[in-house]
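Peer 1: sequence below, structure please.
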Amino acid sequence: MNPSDLTPEQLQSLGGAKTKTVYEKTNYITDITTGEILQTDTETIKKTTSEPEFIKLYYRTMLAFNGVDDIPLDFVVAISNFLPWSNDGSPLIFKNDKMTHDQIVKTCGIKDSMYQKYIARCKSKGLLFSTKYRGCYEVNPFFLAKGQWDSIRKLRANFDFVNGKWQRQIEIEPTTPQSEEPDTSKEQAS
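Peer 2: Numbers count the residues shown, from 1 in each chain. Predicted structure coming up:
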């Protein structure tokens, strides 16, 4: 069987391409003299994506850029199990709460002290970035990504690798510049 011979619905059922309805359009053919609708055609426009939602670990990227060989892969995979899906461009947030901590410690067979060391290493290597919320970290999507590719690509635009270190772009609201008109109040008084 050749996959190109399959319909989008058949591909989707096999776990291949995903089809999403974008919009439906209805065309009416009417008699201009009587106003009677002679024929109605409904057309459904669908978009097929070849890459389904996914979880990807960019572990080789970590090794190549940062020499991250002191964080075990099973620890990184365990973190990925607790990430939400990012299908709308929202940041990937790892919530380091007690339940998550206990499950990762158990899964990886490590002690609490080693768990804390691995979290610190993840932060120092640019895999995790602190947020303003205690125990919540933004995940670098160049290392761990979970969601639709379009969303992950947008998230990746917020991270840069500069001088051998990962940096997160943080949007800052622009300040309103003060008026640049010269102060003429003294000139007018004279």
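
Peer 1: could you count how many residues lie near residue 148?
Peer 2: The number of residues packed near residue 148 is 20, by other Cβ atoms under 10 Å. Glycine gets a C-beta too; all of them are placed from N, C-alpha and C.

Peer 1: swap in residue 44?
Peer 2: As a burial measure, residue 44 scores 9 neighbours (other Cβ under 10 Å).

Peer 1: residue 37 contacts residue 26, doesn't it?
Peer 2: No. Using Cβ atoms under 8 Å, residue 37 is not in contact with residue 26; the gap is 10.7 Å.

Peer 1: so how far is residue 25 from the closest residue to residue 156 other than its chain neighbours?
Peer 2: Leaving aside its sequence neighbours, residue 156 sits nearest to residue 141 (Cβ to Cβ, 6 or more residues apart in numbering; 5.0 Å). Distance from residue 141 to residue 25, counting by Cβ to Cβ, to the nearest Å: 36 Å.

Peer 1: so which of those two has more stuff around it?
Peer 2: With neighbours defined as other Cβ under 10 Å, residue 141 and residue 25 compare such that residue 141 has more, 23 against 9.

Peer 1: pretty sure the more buried one sits in a strand.
Peer 2: No. Counting by DSSP: H, G, I helix; E, B strand; the rest coil, residue 141 is not part of a strand but coil.

Peer 1: show me what whichever strand or helix holds residue 120 is packed against.
Peer 2: Assigned by DSSP states H and E, residue 120 belongs to helix 112-124. Counting contacts by 3 or more Cβ pairs under 8 Å, 6 or more residues apart in numbering; DSSP states H and E, helix 112-124 packs against helix 73-80, helix 98-108, strand 128-130.

Peer 1: okay if I get those as JSON lines plus mean pLDDT?
Peer 2: Shown next, in JSON lines, are those (pLDDT from 0 to 100):
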{"stretch": "helix 73-80", "mean pLDDT": "87"}
{"stretch": "helix 98-108", "mean pLDDT": "95"}
{"stretch": "strand 128-130", "mean pLDDT": "88"}
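
Peer 1: much appreciated, bye for now.
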